[in-house]
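S.K.: Below are the sequence and a predicted model for it; my questions follow.
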Amino acid sequence: MEKERLYLYDTTLRDGQQTQGVQFSIDEKKQISQALDTLGVDFIEGGWPGANPTDSAFFEARPDTRATFTAFGMTKRSGMSAENDDVLAAVLNAGTPAVCLVGKSHDFHVETALGITLEENTDNIARSMAHIVAQGREAMFDAEHFFDGFKANPTYALQAVRAAYDAGARWVVLCDTNGGAMPAEVHEATAAVIEAGIPGSHVAIHTHNDCEQAIANSLAAIDAGARQVQGTLNGLGERCGNANLTTLIPILLTKEPYASRFQTGVTAEALTGLTRISRMLDDILNRVPSKQAAFVGASAFAHKAGLHASAILKDPTTYEHIDPKSVGNERVIPMSNQAGQSNLIKRLADAGIEVQKGDPALARILSRIKEKESQGYSFDTAQASFELLARDELGMLPSFFDVKRYKVTVERRKNKYTQRVSLSEAVVVVKIGGEKMLSVSDSLDEGGSDRGPVNALAKALGKDLGPYQEMIADFKLVDFKVRITQGGTEAVTRVIIDSEDSNGRRWSTVGVSANIVDASFEALLDAINCKLIHDGAVAV
């Protein structure tokens with residue numbers, strides 16, 4: 001059976017930018033646009049030209065894409081023609097092949113917020129759509145508050161979207177603007193729109209996640225006949241966010257009945273880049289990726305329980321709903337004091353270390369893990385430190401360098417603007433192949449930038465590692481977490497460091513000490529040693 005075409009519309013650059021604390025630069029918008037185009041979405045909504053200088057400048061410099069670029073705006077205002085509305089003119093002047101205009105479809109908003117009659121509003125919608133079509137653009141109407149409006153006055157809500165469609169709108173977009181609709185309501189209202197004479201091939205769905213129903217509501221609209229679905233990468237958006245395309249796209253490509261019924265612009269090959277794109281966006285926003293994110297999270301395919309890991313070894317489908325590689329993710333078998341030999345063998349194999357079941361080293365490694373965790377370590381979230389521990393027990397841990405000593409000083413003072421700042425200075429002495437090397441570095445915390453003694457240590461340690469310097473040139477720390485594991489005078493500090501290199505590989509290491517700097521330095525040393533091992537460094 002021939003598959004139906006389902007269109008994907010991304011609004012990360014417009015609606016996603018409504019997220020609190022998010023503001024994309026022009027270059028960042030270009031980077032995201034190109035990633036979306038590579039993924040295979042059909043429409044990229046670039047922003048609202050005329051609303052702010054960045055959006056206007058971006059449309060002038062937008063990249064060439066296979067995806068249809070779309071400018072966002074609003075329907076013409078009452079009291080003027082579409083041709084003379086300067087706000088609408090700014091949107092059209094962006095020169096995009098598609099234009100999406102938002103307008104009211106809830107009678108309460110028309111009469112209370114706009115203060116005009118229902119007839120005036122439908123006339124504004126129709127004339128705006130007709131004007132876009134006359135300019136040779138693909139016209140879309142964002143029916144704001146549609147589902148609330150349909151519940152309050154279904155007759156008028158349907159009149160509003162019919163006005164847009166009859167005037168030539170290619171797409172009528174049903175918006176759950178407040179994010180309060182439930183899937184059954186969305187299905188009923190979407191079906192009613194189609195029954196009212198607007199074909200499903202012209203109906204789109206735009207949902208928000210205020211009730212954690214954005215994905216469910218999007219699927220409900222598709223089930224009812226909508227053939228365009230809108231959303232954002234990583235679920236960015238105002239308040240609780242929009243429908244998360246990073247979740248929705250793999251559902252549509254891998255889950256029934258959608259996988260067999262629909263075709264999108266995203267190929268199976270492109271889907272393998274989804275995790276990378278998701279993490280790229282987090283990197284742009286300087287955010288730590290959510291480990292629990294569906295499909296792309298670091299924990300999405302993590303199996304901690306020994307029973308699970310044992311079954312995974314026999315057949316991954318026992319505890320995985322899809323192959324993690326299909327979305328560019330990977331299986332993780334965390335190590336903890338709950339682990340059994342099945343977990344351990346699988347985790348070692350993932351690290352390229354083959355150990356046969358029954359090998360006495362397995363029991364020694366498990367015993368050492370349990371001993372370490374009783375001291376405050378956690379290997380559940382520090383896979384790289386676990387690998388180093390196992391290699392050490394197996395006699396497979398190279399000695400690249402030896403830290404002879406380190407020192408950190410922290411000075412608090414006032415700068416030339418009489419602001420209080422902290423200056424951390426670090427000295428690290430390492431021995432490599434019989435030669436001692438001393439490195440000094442500093443780090444200034446001016447209140448807001450995440451700088452301090454750990455950053456100073458990292459800079460000093462990475463300043464001169466002799467023959468290994470080139471290998472660690474692309475090494476960087478991306479997250480730093482501190483936890484006090486005991487209270488009182490016996491308090492122990494656990495530090496987890498997340499690191500990354502230019503290949504997008506991330507790994508986590510752990511350090512434990514009564515001294516937070518010492519715990520941090522231990523985790524930092526593990527991070528660098530893991531990087532060197534995986535890059536094939538040879539001990540001198």
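M.R.: Yep, that arrived.

S.K.: from here on, contacts and neighbour counts on C-alpha atoms
M.R.: Will do.

S.K.: which residues does W507 bridge with?
M.R.: On the basis of DSSP bridges, W507 is bridged to S499.

S.K.: Confirm for me that it is in contact with T381.
M.R.: No. If you go by CA atoms under 8 Å, W507 and T381 don't touch, sitting 9.4 Å apart.

S.K.: Find residues that contact each of these two.
M.R.: None of the residues lies in contact with both W507 and T381 under the rule CA atoms under 8 Å, 6 or more residues apart in numbering.

S.K.: what's the next secondary structure element after the helix or strand bottoming out on mean pLDDT in the chain?
M.R.: Sorted by mean pLDDT, DSSP states H and E, the helices and strands of the chain end with helix 306-314, the least confident at a mean of 64. Scanning forward in sequence from helix 306-314 by DSSP states H and E, the next helix or strand is helix 341-350.

S.K.: Run the chain-centre distance for the following helix or strand past that following helix.
M.R.: Per DSSP H and E, the first helix or strand lying C-terminal to helix 341-350 is helix 360-374. Relative to its chain's centre, helix 360-374 lies at 35 Å (CA atoms, centre = their mean, to the nearest Å).

S.K.: Check stretch 27-41 too.
M.R.: Computed by CA atoms, centre = their mean, the chain-centroid distance of stretch 27-41 equals 14 Å.

S.K.: Name the residues that touch that stretch?
M.R.: Contacts with stretch 27-41, where a contact means CA under 8 Å, 6+ apart, come from 7-10, 13, 44, 46, 58, 62-63, 65-67, 264-267, 270-271, 273-274, 277, 281, 284.

S.K.: and what of stretch 162-175?
M.R.: With contacts defined as CA under 8 Å, 6+ apart, stretch 162-175 is touched by 122-123, 125-127, 129-130, 133, 138-147, 161, 190, 197-198, 202-207.

S.K.: Flag the shaky bits of the chain, pLDDT-wise.
M.R.: The model of the chain has pLDDT under 70 over residues 304-310, 312-313, 333-340, 342, 446-451, 486-490.

S.K.: which one in it is furthest away from the centre?
M.R.: Within the chain, the residue lying farthest from the chain centre (CA atoms, centre = their mean) is G434, at 45.2 Å.

S.K.: Now that residue, what are its backbone angles?
M.R.: phi 90, psi -10 (degrees, to the nearest 10).

S.K.: Now do the same contact list for K463.
M.R.: By CA under 8 Å, 6+ apart, the contact set of K463 is 439, 469.

S.K.: All the strands of the stretch 351-500 of the chain, in order from the start?
M.R.: 402-414, 420-432, 435-445, 476-484, 493-500 (DSSP state E, counting those that start in this stretch).

S.K.: Distance across stretch 36-55, terminal residue to terminal residue?
M.R.: Using CA to CA, to the nearest Å, the end-to-end distance of stretch 36-55 comes out at 18 Å.

S.K.: Can you list the buried residues in that stretch?
M.R.: 36-50, 54-55 (16 or more other CA atoms under 10 Å).

S.K.: returning to that earlier point: got TSV for the strands of the stretch 351-500 of the chain, with distance to T117 and mean neighbour count too?
M.R.: Shown next, in TSV, are the strands of the stretch 351-500 of the chain (distance: least, CA to CA, whole Å; neighbours: other CA atoms under 10 Å):
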stretch	distance to T117	mean neighbour count
strand 402-414	62	13
strand 420-432	58	19
strand 435-445	57	17
strand 476-484	54	15
strand 493-500	57	23
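
S.K.: With distance to V538 added, can I get those strands in JSON lines?
M.R.: Below are these laid out as JSON lines (distance: least, CA to CA, whole Å):
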{"stretch": "strand 402-414", "distance to V538": "14"}
{"stretch": "strand 420-432", "distance to V538": "12"}
{"stretch": "strand 435-445", "distance to V538": "16"}
{"stretch": "strand 476-484", "distance to V538": "21"}
{"stretch": "strand 493-500", "distance to V538": "21"}
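
S.K.: Could you point out which of the ones you listed sits nearest E111?
M.R.: Distance to E111, taken as CA to CA, is lowest for strand 476-484 among the strands of the stretch 351-500 of the chain, at 49.7 Å.

S.K.: Pull the contacting residues for L13.
M.R.: Applying CA under 8 Å, 6+ apart, we find L13 in contact with 24, 29, 44-47.

S.K.: let's go with 10 Å and repeat that
M.R.: Contacts for L13 (CA atoms under 10 Å, 6 or more residues apart in numbering) come out as 23-24, 28-30, 32-33, 44-48, 55, 232-233, 236-237.

S.K.: do the same with L118
M.R.: 104-111, 124, 156, 159-160 are the contacts of L118 under CA under 10 Å, 6+ apart.

S.K.: from the residues you listed, which ones fall inside helices?
M.R.: 107-108, 124, 156, 159-160 (DSSP state H).

S.K.: and of those, the nearest to Q292?
M.R.: F108 (39.1 Å).

S.K.: picking that back up, which members of the buried residues of stretch 36-55 are positioned in strands?
M.R.: Among the buried residues of stretch 36-55, DSSP state E puts 43-47 in strands.

S.K.: could those residues go into CSV alongside distance to R483?
M.R.: Putting these into CSV (distance: CA to CA, whole Å) gives the following:
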residue, distance to R483
F43, 44
I44, 41
E45, 41
G46, 41
G47, 41
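
S.K.: so which of the residues you listed comes closest to A184?
M.R.: In terms of CA to CA, no member of these lies closer to A184 than F43, at 27.1 Å.

S.K.: Relative to A98, how far out is that closest one?
M.R.: 9 Å.

S.K.: residues shared between the contacts of these two?
M.R.: In contact with both F43 and A98: 68-70, using CA under 10 Å, 6+ apart.
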